[in-house]
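In: I would like to see how this sequence folds:
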Amino acid sequence: MDLSIRVYEKEGEYVASCPELDVYTYGVDAEEARRRLKHVIAFYASTAQDLGYKIDASELLAGLKTPVEARGESFLN
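Out: This is a model prediction of the structure:
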């Protein structure tokens, strides 16, 4: 599964999202937001495994595409 990361700057904070999984995180800079998003994706996979789904966190993380930076763009409207 190919996943993408989108990073937005919103009022001095950075929001990272993975649209394919509909998950979001934030950070004081883009790198922190991305790092947190990777942790959330790993937790997502772990939880899915607990529910009986065959999802491998390392495969999900390996499928992350190069982040897309979107400066000043808001998706929270």
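In: Heading C-terminal from the longest helix seen in the chain, find the next helix or strand.
Out: Secondary structure of the chain per DSSP state H: the longest helix is helix 30-50. Using DSSP states H and E, the next helix or strand after helix 30-50 towards the C-terminus is helix 57-62.
In: Give me the buried positions along that following helix.
Out: Along helix 57-62, the positions that meet the burial threshold by neighbour count (16 or more other C-beta atoms under 10 Å) are 57, 60. The C-beta positions use only the backbone N, C-alpha and C, and glycine is treated the same way.
In: got it, and stretch 9-17?
Out: When neighbours are counted by 16+ other C-beta under 10 Å, the buried residues of stretch 9-17 are found to be 9, 14, 15, 16, 17.
In: how about the second one, what does it touch?
Out: Under the criterion of C-beta atoms under 8 Å, 6 or more residues apart in numbering, the neighbours of residue 14 are 7, 8, 26, 27, 28, 29, 30, 32, 33.
In: And the pLDDT for it?
Out: Note on residue 14: pLDDT of 95.
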